[in-house]
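# sequence plus predicted model, see below.
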Amino acid sequence: MAIQALKGFKDILPGESEKWVFMEETARRIFRTFGFSEIRTPVLEKTDLFVRSIGTSTDIVEKEMYTLIDRSGDSITLRPEATASVMRAFIEHNLQGQQPIHKLFSIGPMFRHERPQKGRLRQFHQINAEYIGTNSPFADAELIYLLMQILDHLGLLEIRLRLNSLGCPLCRPSFNSALQGFLGERQSELCPDCQRRMSTNPLRVFDCKVERCQELLTAAPTITDFVCRACQEHFEQVQKLISGLSIPIHRDPRLVRGLDYYTRTTFEISASHLGSQDAVAGGGRYDGLIRQLGGADMPAIGFAIGLERMALLLSSQEEWINRPFVFLIPLGAAAREKAFSLLTILYKKEIPAMMDYEDKSLKSQLKRADKVKSRFAAILGTEELNKDRILIRNLDTQSQEAIPIPQFLDYFLERYLK
RNA sequence: GUGAGUGUAGCUCAGUCGGUUAGAGCACCAGGUUGUGGCCCUGGGGGUCGAGGGUUCGAGUCCCUUCACUCACCCCA
């Protein structure tokens, strides 16, 4: 048996990779418009970084991290998410001292050891944004607008913005205890999972899919009733600003995020046709994280887009192939040499071109040109060679004309650039 | 970690009650047309039937084991 890739690790093949380039380049362009700069951090970090930022009792830290001991005995971990690494770099290089506000984005692979399923892999890819240094609700609105712009430019339809506020370290504890009290009274009626969640992370019971649990929860206290005055005002401002941008909001008091560091605004973009893992992007505010990691007391908000899920929502592979503009078809050895030099001239001017070197019939080479969906075929046989001409065939219209070889480059430059 | 489903050609899949040399469509190659693609026609190449063991005169088919993949749960992008 030949060696296969690891479970949950996928190759992105030609036909699919073009789609990925499109997603990444589109995002980079929009980020530039919004004044975001790219940051690239290593995929390996000290294990402690993730334990301290994501939270000890989260599933990610408890059972999903790729953690190993390196040759010097240190515990290191493949990053399960991006924000922790970016914040580490931010603090380590003292970016906080250089400017009050930072807009950063990053694109790359993350690793979580879970059972793979649709839209979930062990190595997956995210586009991440971090807006650091302001707790203004305008920043929340701008960041969400940025996210929607990216999704819009990628051509995403049928998406839904779910929005919630988780409160802050001042008000969340009172909600937590109220919720725990509520659940405690009904403990015996809850499913086993929820009984466990009750003590570990009570907010998660809202995610439960067991019908009976959901029935009980209709009467449960919601975070909305408990957020403090400041959080309340912040949240209202955010909603007002987003509504002002004509983005429909689905307020969801039950929207919970899986990482401990989130505060106040949290949001998720869900899409139909994704199967059970329907969140294509998610994010929120994490005002306490930088300080918690040993940096200054700076607020921040960010989001992550899941690229595998994004790719699932983009149209099928057929449209994403890398088409040449000109397919060169030489007939015979002498023509091949001439065609080769013409090919390199096209390459030099960055006109996508292709040519095969096998001694195949005209028919067979035209088939190839058709197969790779070339716009033009340039046929060079002995007849043309003798007259110093080349036959240009438009593969869409079937029309063809013989042009002098010296005009070859100009002919395609003119047509390619428009 | 738990549950279910699926493994036959490069891809998608048929294969009856266990019975001869394992099939189709697509893709690939060649020809039909001495130098003209897509459509059509003809022919061709390509298989450890996931792997190992068992039952049987005989296994793609039945039994056991194992591996892989997929979907779902948990949780998340």
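Structure's in. What do you need?
# any idea whether the closest residue to residue A:225 other than its chain neighbours is helix, strand or coil?
The shortest distance from residue A:225 to any non-neighbouring residue, by Cβ to Cβ, 6 or more residues apart in numbering, is to residue A:175 (7.7 Å). All C-beta spots, glycine's among them, are computed from the backbone N, C-alpha and C. Classification of residue A:175 by DSSP: H, G, I helix; E, B strand; the rest coil places it in helix.
# distance of residue A:175 from RNA strand B?
Here residue A:175 is placed at a distance of 17 Å from RNA strand B (Cβ to the nearest atom of the strand, to the nearest Å).
# doesn't residue A:231 make contact with that residue?
No: applying Cβ atoms under 8 Å as the test, residue A:175 and residue A:231 come out as separate, 10.6 Å apart.
# mutual contacts of the two, please.
Taking Cβ atoms under 8 Å, 6 or more residues apart in numbering as the contact rule, residue A:175 and residue A:231 both touch residue A:167.
# residue contacts, the residue nearest to residue A:225?
By Cβ under 8 Å, 6+ apart, the contact set of residue A:175 is A:167, A:221, A:223, A:225, A:226, A:227.
# at 10 Å instead, please
A:166, A:167, A:202, A:203, A:221, A:222, A:223, A:224, A:225, A:226, A:227 (Cβ atoms under 10 Å, 6 or more residues apart in numbering).
# what do you get for residue A:394?
Here residue A:394 is in contact with A:375, A:376, A:377, A:400, A:401, A:415 (Cβ under 10 Å, 6+ apart).
# now which of these would you call buried?
Among these, those classed as buried by 16 or more other Cβ atoms under 10 Å are A:375, A:376, A:377.
# make CSV from the residues you listed and add secondary structure to it.
As requested, the buried ones among the contacts of residue A:394 are exported to CSV (three-state DSSP):
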residue, secondary structure
A:375, coil
A:376, strand
A:377, strand
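# and the helices in the stretch 101-250 of chain A?
A:137-153, A:172-185, A:192-200, A:211-217, A:229-244 (DSSP state H, counting those that start in this stretch).
# let's see the pLDDT reported for the closest residue to residue A:219 other than its chain neighbours.
Taking Cβ to Cβ, 6+ apart, and ignoring the residues beside it in sequence, residue A:219 has residue A:182 as its nearest neighbour in space, at 7.8 Å. The model reports residue A:182 with a pLDDT of 83.
# from residue A:218, how far off is residue A:182?
In this view, residue A:182 and residue A:218 are 11 Å apart by Cβ to Cβ, to the nearest Å.
# which residues are common contacts for those two?
With Cβ under 10 Å, 6+ apart, residue A:182 and residue A:218 have no common neighbours.
# who's more crowded, the two?
residue A:182 (17 against 6; other Cβ atoms under 10 Å).
# contacting residues for the more buried one?
A:198, A:202, A:205, A:216, A:217, A:219, A:220, A:221.
# looking at these, which is nearest residue A:320?
residue A:205 (41.8 Å; Cβ to Cβ).
# what is the neighbour count of the closest one?
Residue A:205, neighbours per other Cβ under 10 Å, totals 27.
# so what's it up against?
The contact partners of residue A:205, by Cβ under 10 Å, 6+ apart, come to A:179-180, A:182-183, A:190-191, A:193-198, A:213-214, A:216-217, A:220, A:254, A:256.
# those residues: which ones sit near RNA strand B?
When Cβ under 7 Å from any atom of the strand is applied, the members of the contacts of residue A:205 adjacent to RNA strand B are A:193, A:197, A:256.
# just the buried residues out of those residues, in ChimeraX syntax.
To isolate the buried ones among those in ChimeraX, judged by 16+ other Cβ under 10 Å, type:
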select /A:197,256
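# sorry, back to before: would you mind writing the ChimeraX command to select the buried ones in the contacts of residue A:175?
Only the buried entries of these go into this ChimeraX selection, using 16+ other Cβ under 10 Å:
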select /A:166,167,202,203,222,223,226,227
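# residue A:32 is in contact with residue A:38, correct?
Yes: counting by Cβ atoms under 10 Å, residue A:32 is a contact partner of residue A:38 at 9.2 Å.
# what residues are shared contacts of those two?
residue A:105.
# tell me where chain A is predicted with low confidence.
A:1, A:199-201, A:207-211, A:258, A:316-319 (pLDDT under 70).
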